[in-house]
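Engineer: coords below, sequence missing:
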C-alpha cells in the first residue's frame, strides 16, 4: 500500500481528464492511476501520538531525575533519600504530567508552538506544586520536607521544562518543514 500526499491528490483532481463514455457516467471524472499521483515521502513520517507519548515520558523522567539531583546536591549530607522524598518527587512528576495532559500540552499544536503553551505549562507546573504542598500540609508531613529543596525543585523544574519545550518547538518546526508530520492518505480500490 502506498502513501499519498494530500497536495498531490488535489493537484491530480485539478488536472483536466477526458470524460468517460458509457451510460451513467455523464460528467463523471475517472480517478487517475495511483502511480500518477503518488510520490515517495521525502522523509519517514512520524506519528503525533507517538511524539506526545515520548514527550510525556521524557518530562516525567526529567522531573524525577531533577528531584533526585536537587536532593543529592542540597540534602545528601543531612537527609538521606528515603520514601518521603521519593514519594514527593514521583507525586510532583505524576501530577504535573496529568495536569499537562488536561491542559492540552501534548497536542501537536502545543508542541509546535511555544509562547501560549509555555504560559499554560507554567500555570500547570505551579498548580502541581500547590496540590502537592496542600497534601503535605493536610497530611501533617510538611515539616518533614526541606522548603529550600521544594522551592529549588520548583524553579529548576520550571526552567528545564520551558527550555525543553522551546527546543522541542524548534525541532518540530524543522521536522514539519521536512514533511515528517504531513498527513498521508491511501486510496484503496481506486483503479484496476
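Structural biologist: On my side now, so go ahead. Keep in mind that what you see is a predicted model, and the values were worked out from it rather than measured.
Engineer: just the helices in the chain please.
Structural biologist: 6-14, 34-37, 48-74, 83-102, 108-112, 115-138, 147-177 (DSSP state H).
Engineer: quick one: average pLDDT of the last one?
Structural biologist: Read it as helix 147-177. Mean pLDDT, helix 147-177: 92.
Engineer: That helix packs against which elements?
Structural biologist: helix 48-74, helix 83-102, helix 108-112, helix 115-138 (3 or more C-beta pairs under 8 Å, 6 or more residues apart in numbering; DSSP states H and E). Backbone N, C-alpha and C define where each C-beta goes, glycine included.
Engineer: any low-confidence regions in the protein?
Structural biologist: Per-residue confidence for the chain (pLDDT under 70) gives these ranges: 1-45, 182-186, 190-192.
Engineer: need the contact list for the residue sitting nearest the centre point of the chain.
Structural biologist: Centroid-nearest residue in the chain: residue 52, 3.1 Å away (criterion: C-alpha atoms, centre = their mean). By C-beta atoms under 8 Å, 6 or more residues apart in numbering, the contact list for residue 52 reads 106-108, 111.
Engineer: picking up where we left off before, in JSON lines: the helices and strands packed on helix 147-177, plus distance to residue 149.
Structural biologist: As requested, the helices and strands packed on helix 147-177 are exported to JSON lines (distance: least, C-beta to C-beta, whole Å):
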{"stretch": "helix 48-74", "distance to residue 149": "5"}
{"stretch": "helix 83-102", "distance to residue 149": "8"}
{"stretch": "helix 108-112", "distance to residue 149": "30"}
{"stretch": "helix 115-138", "distance to residue 149": "12"}
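Engineer: Looking at those helices, spot the one closest to residue 148.
Structural biologist: Between residue 148 and the helices and strands packed on helix 147-177, the shortest gap by C-beta to C-beta is with helix 48-74, which sits at 6.5 Å.
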